[in-house]
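A.B. asks: predicted model follows, preceded by the sequence.
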Amino acid sequence: MAFLSDTLARVKPSPTIAMTNKAAELKAAGRDVIGLSAGEPDFDTPTNIKDAAIAAIHAGKTKYTAVDGIPELKAAICAKFKRENGLDYSPAQVSVSSGGKQVLFNALLATLNPGDEVIIPTPYWVSYPDMVKIGGGTPVFVPGDPGRGYKISAEALEAAITPQTKWFLFNSPSNPSGAGYARDELKALTDVLLRHPHVWVMTDDMYEHLAFDGFTFCTPAEVEPRLYDRTLTVNGVSKAYAMTGWRIGYAAGPEPLIAAMRKVQSQSTSNPCSVSQWAAVEALNGPQDYLATSRVAFQRRRDLVVGMLNDCPGLTCPTPEGAFYVYPSIAGLIGKRTPSGVEITDDEVFATQLLEATGVAVVFGAAFGLSPNFRISYATSDAALKDACTRIKAFCEGLS
Ligand SMILES: Cc1ncc(COP(=O)(O)O)c(C=O)c1O
């Protein structure tokens, strides 16, 4: 439509949301659907957090707040960064937005000029490239190595850096691969970045608390303090505390960048929901036992899903360090045909045929920039996961 902007013409709608909607449509039509496409914990928000929100409502904390967060939440965020990441930030270095998504969006919109490049490892969270494009920048992709659980090498990062590189957008544990960078692996990347002082680091630490088998989460500014002055450390309560609907994300970084992000927010959404901010204060300052409970449940489900998928002919599924996703390869199925004669030419065909034949909704790998794969979100009950993996196995066995 000629009326729409050229910028928007370059942007595609979120494929994960599209897949979730498609599964919901089939379900509404009476099909037996198992949705493994949505990226949110199936647990309820802990009661102490809900109670804090209710108390905030009754206390009349229902008005506009400071654009990028109430002082109490900024203080809680500073304490969190100190306690969990060993990072010192002052409240003036902190920005709060309506979800981690808005934090990333603000930062990109506030900094990108036409021609600026943003390095994004693949597979990536679906929104990164499109956010970069909305900001007027150019995404530059660095492929993850399937042999290393889809992590990128230092050499590949170095090769992607040009004089136009503005940001390195890093995400560990990763959506969609679940790959988590150990300290030495991250250090290899920060060593590269030290040699390129014009490149800033945007690290998306949303899945920090979903780390398994004793994996120790680490973040760039902590691993390499010399990058502190050019790092934006992004995090949020959505995944950690089962608070996806509350819409609170936050970041800390250099004050001028935080001020620029505040300017973007002040001319768009203004403050994030006041009640949600008080809930987030409780999430960060209150009891933290929910984190361990959810970690145990997700690790059990990861083991279940990885085990069952590796038992499917043609699938190969690495064991990820964190998040609640797995990213199996379907390389062994390309060229095969379904009983009705449809050839599996790529991962989109695979996901569509799987949904049609079995009612299992997954997201195809091309949506995340690395094929031929698909993503399963295992943030659902053990029973549903067993049922889904059994159906996937039958589907793979039926290909010839
Ligand atoms: C890697 C990653 N970053 C950011 C977000 C956005 O989080 P929020 O719901 O807080 O906006 C998500 C949500 O799926 C994500 O997977």
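C.D. replies: Nice, I can see it. Numbers count the residues shown, from 1 in each chain.

A.B. asks: need the helices for the stretch 301-400 of the chain, in chain order.
C.D. replies: Ranges of helices in the stretch 301-400 of the chain, per DSSP state H, counting those that start in this stretch, are 347-358, 382-397.

A.B. asks: as JSON lines, those helices with mean pLDDT and mean neighbour count would be great.
C.D. replies: Any C-beta I mention is one placed from the backbone N, CA and C, and that applies to glycine too. Shown next, in JSON lines, are the helices of the stretch 301-400 of the chain (pLDDT from 0 to 100; neighbours: other C-beta atoms under 10 Å):
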{"stretch": "helix 347-358", "mean pLDDT": "95", "mean neighbour count": "20"}
{"stretch": "helix 382-397", "mean pLDDT": "98", "mean neighbour count": "17"}
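
A.B. asks: mind listing what's buried along the helix or strand hosting Pro256?
C.D. replies: Per DSSP states H and E: Pro256 is located in helix 255-266. Buried residues in helix 255-266, counted by 16 or more other C-beta atoms under 10 Å: 257-258, 260-262, 264-265.

A.B. asks: among these, which two are most distant?
C.D. replies: For those, the maximum inter-member distance is 12.8 Å, found between Leu257 and Gln265 (C-beta to C-beta).

A.B. asks: so which of the helices of the stretch 301-400 of the chain is nearest the ligand?
C.D. replies: Nearest to the ligand among these is helix 347-358; the distance by C-beta to the nearest ligand atom comes to 18.2 Å.

A.B. asks: angle of that closest one against helix 382-397?
C.D. replies: 110 degrees (axes from the mean of the first three to the mean of the last three C-alpha atoms, to 10 degrees).

A.B. asks: pull the residues that contact helix 347-358.
C.D. replies: Contacting residues not belonging to helix 347-358 are listed as 19, 22-23, 26, 33, 330, 333, 338, 342-344, 360-366, 371-374, 391-392, 394-395, 398 [C-beta atoms under 8 Å, 6 or more residues apart in numbering].

A.B. asks: rewinding a little: name the residues contacting each of Leu257 and Gln265.
C.D. replies: Here Leu257 and Gln265 have no joint contacts, going by C-beta under 8 Å, 6+ apart.

A.B. asks: please name the nearest non-neighbouring residue to Leu108.
C.D. replies: Gly135 (4.0 Å; C-beta to C-beta, 6 or more residues apart in numbering).

A.B. asks: let me know the distance separating that neighbour from Val201.
C.D. replies: 17 Å (C-beta to C-beta, to the nearest Å).

A.B. asks: check Val94 too.
C.D. replies: Per C-beta to C-beta, Val94 is found 17 Å from Val201.

A.B. asks: please enumerate residues in contact with the helix holding Pro256?
C.D. replies: Helix 255-266 is contacted from outside by 67-68, 92-95, 97, 102-103, 106-107, 109-111, 232, 251-252, 271, using C-beta under 8 Å, 6+ apart.

A.B. asks: what about those, which are in helices?
C.D. replies: Secondary structure defined by DSSP state H assigns 102-103, 106-107, 109-111 of these to helices.

A.B. asks: from the residues you listed, pick the one nearest the ligand.
C.D. replies: For those, the residue nearest the ligand by C-beta to the nearest ligand atom is Gln102; the value is 6.6 Å.

A.B. asks: mind pulling up the pLDDT for the closest residue to the ligand within the stretch 301-400 of the chain?
C.D. replies: Going by C-beta to the nearest ligand atom, the ligand is nearest to Ala323 of the stretch 301-400 of the chain, at 7.7 Å. Ala323 carries a pLDDT score of 98 in this model.

A.B. asks: got the residues of the stretch 151-300 of the chain near the ligand?
C.D. replies: Counting by C-beta under 6 Å from any ligand atom, the residues of the stretch 151-300 of the chain close to the ligand are 171, 175, 204, 206, 236, 238, 244, 249.

A.B. asks: which of the residues you listed count as buried?
C.D. replies: Buried members of these, counted by 16+ other C-beta under 10 Å: 171, 175, 204, 206, 236, 238, 244, 249.

A.B. asks: check the gap between the fifth one and Glu397 for me.
C.D. replies: As judged by C-beta to C-beta, Gly236 and Glu397 stand 40 Å apart.

A.B. asks: quick one: contacts for the residue nearest to Leu108?
C.D. replies: Applying C-beta under 8 Å, 6+ apart, the residues near Gly135 are 105, 108-109, 111-112.

A.B. asks: can you do 7 Å?
C.D. replies: Gly135 makes contact with 108-109, 112, according to C-beta atoms under 7 Å, 6 or more residues apart in numbering.

A.B. asks: can you add pLDDT, neighbour count and distance to the ligand and give these back as TSV?
C.D. replies: Shown next, in TSV, are the contacts of Gly135 (pLDDT from 0 to 100; neighbours: other C-beta atoms under 10 Å; distance: C-beta to the nearest ligand atom, whole Å):
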residue	pLDDT	neighbour count	distance to the ligand
Leu108	98	25	13
Leu109	98	20	15
Leu112	98	21	18
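
A.B. asks: nearest residue to the middle of the protein?
C.D. replies: Asn175 (4.3 Å; C-alpha atoms, centre = their mean).

A.B. asks: between the ones in helices among the contacts of helix 255-266, which sits nearest Lys80?
C.D. replies: The nearest member of the ones in helices among the contacts of helix 255-266 to Lys80, counting by C-beta to C-beta, is Val103 at 14.6 Å.
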